[in-house]
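Asks: Fold the following.
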Amino acid sequence: MNLSIVLSTQQTQFQAATLSGAVEYNLAKIAALGYQGVELAVRDPQLVDVEALDALVKKYNLKVPAIGTGQAWGEEGLSFTDPDPAVRQAAIERINSHIPLAARFGAVIIIGLIRGIIKPGVDQHQAEEWLVEALAACSRAAAPDGVQLALEPINRYETTLINDAAQGMDLIDRVGTANFGLLLDTFHMNIEEPQIEESIRACGSRIFHFHVADSNRWHPGAGHLDFHSIISALYATGYAGFISGEFLPLPDAETAAAKNIAYWKRLSITG
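Replies: Numbers count the residues shown, from 1 in each chain. Modelled structure (predicted):
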């Protein structure tokens with residue numbers, strides 16, 4: 001099992017970015033705890049010293065399976081479905097700016113809340129059309145570099161655009177590119193999916209990345225989810241990527257990171 005955990009390269013307002021800032025300190029801690037990878041949350045690649053970051057990741061012998069982009073929504077308001085076309089275009093350009101970084105690390109680009117929410121005056125159909133157009137444009141831009149994009153179905157309390165796996169699979173058909181797939185997250189799935197394992201099986205090979213948090217959004221083992229069953233179903237699809245922890249930094253970030261990896265070692269699932 002390959003385990004990673006989310007690290008924001010800058011301090012962030014996003015609560016479920018388990019580790020944030022102090023990049024070298026946190027990379028050293030992640031490696032010392034026994035993680036094989038680090039999922040990097042990057043608001044704007046222009047604000048990152050890529051050479052220095054690459055050197056640090058290599059220093060601690062870590063892989064970067066995915067790059068999170070949600071802070072562009074949370075802290076700048078960029079989204080694919082904003083009624084202002086300039087904002088929509090800026091969101092597309094921001095995702096495209098992640099392509100060289102993703103190509104360098106061999107990472108998936110995550111499409112989270114940069115998809116946006118449905119704002120007043122915009123109907124569902126129009127928002128979905130804008131979303132499909134943006135995703136198709138970004139996927140086409142990423143394809144020559146061999147970069148994949150993965151949209152995360154997010155629960156209904158955070159957005160009304162693509163809440164569950166079935167909607168995500170429909171979106172894949174509408175976007176129509178081979179390098180566009182899904183990121184499934186157990187916290188959101190626990191809210192939206194009738195049966196988590198069945199939804200995983202239905203998505204199959206279009207699962208490009210996988211997030212874990214327990215039912216209460218704490219680290220796995222702190223809630224009631226049956227992770228042995230969930231991850232067994234995931235591996236049965238042929239998934240060979242990372243299991244990436246994205247959960248609240250509670251009771252504090254370092255304790256949560258340590259408890260997460262200890263939990264997976266006890267569970268002993270192979271894949």
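Asks: all helices for the stretch 1-150 of the chain, in order.
Replies: For the stretch 1-150 of the chain, the helices defined by DSSP state H, counting those that start in this stretch occupy 23-33, 50-59, 71-74, 85-97, 99-105, 124-142.
Asks: List the buried residues in stretch 146-163.
Replies: The neighbour-count check on stretch 146-163 (16 or more other C-beta atoms under 10 Å) flags 147, 148, 149, 150, 151, 152, 153, 154, 159, 161, 162, 163 as buried. To be clear about C-beta, it is placed using only N, CA and C from the backbone, and glycine gets the same treatment.
Asks: Sheet-wise, list the partners of the least confident helix or strand in the chain by mean pLDDT with their directions.
Replies: Every helix and strand of the chain was ranked by mean pLDDT, DSSP states H and E. The lowest is strand 19-20, at a mean of 74. According to DSSP bridges, strand 19-20 forms sheet pairs with strand 3-8 (parallel).
Asks: The strand it pairs with to helix 23-33, inter-axis angle?
Replies: For strand 3-8 against helix 23-33, the angle by axes from the mean of the first three to the mean of the last three C-alpha atoms, to 10 degrees is 160 degrees.
Asks: returning to that earlier point: which residues does the least confident helix or strand of the chain contact?
Replies: With contacts defined as C-beta atoms under 8 Å, 6 or more residues apart in numbering, strand 19-20 is touched by 5-8, 10-12, 26, 29-30, 249, 253, 257.
Asks: Just the buried subset of the residues you listed, please.
Replies: For the contacts of strand 19-20, buried by 16+ other C-beta under 10 Å: 5, 6, 7, 8, 10, 12, 26, 29, 30, 249, 253, 257.
Asks: Among the residues you listed, which one sits closest to residue 49?
Replies: residue 10 (11.8 Å; C-beta to C-beta).
Asks: Hmm, that closest one is touching residue 47, no?
Replies: Yes - Residue 10 lies in contact with residue 47 (C-beta atoms under 8 Å); the separation is 7.0 Å.
Asks: Give the full set of residues in contact with residue 95.
Replies: By C-beta under 8 Å, 6+ apart, the contact list for residue 95 reads 69, 109, 111, 114, 134, 138, 149.
Asks: Put together CSV for the residues you listed, with pLDDT and distance to residue 125 on each row.
Replies: Below are the contacts of residue 95 laid out as CSV (pLDDT from 0 to 100; distance: C-beta to C-beta, whole Å):
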residue, pLDDT, distance to residue 125
69, 94, 25
109, 98, 26
111, 97, 20
114, 96, 20
134, 98, 15
138, 98, 21
149, 98, 22
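Asks: Keep only those of those that are in strands.
Replies: Using DSSP state E to define strands, the subset of the contacts of residue 95 located there is 109, 111, 149.
Asks: Can you report how many residues lie near the first one?
Replies: Around residue 109 there are 28 other residues, counting by other C-beta atoms under 10 Å.
Asks: Pull the contacting residues for it.
Replies: So residue 109 contacts 66-67, 69, 95, 98-99, 102, 138, 142, 147-150 (C-beta under 8 Å, 6+ apart).
Asks: which among those residues gets closest to residue 241?
Replies: Among the contacts of residue 109, and counting by C-beta to C-beta, the member closest to residue 241 is residue 66, at 8.5 Å.
Asks: Please report the distance of that closest one from residue 5.
Replies: 11 Å (C-beta to C-beta, to the nearest Å).
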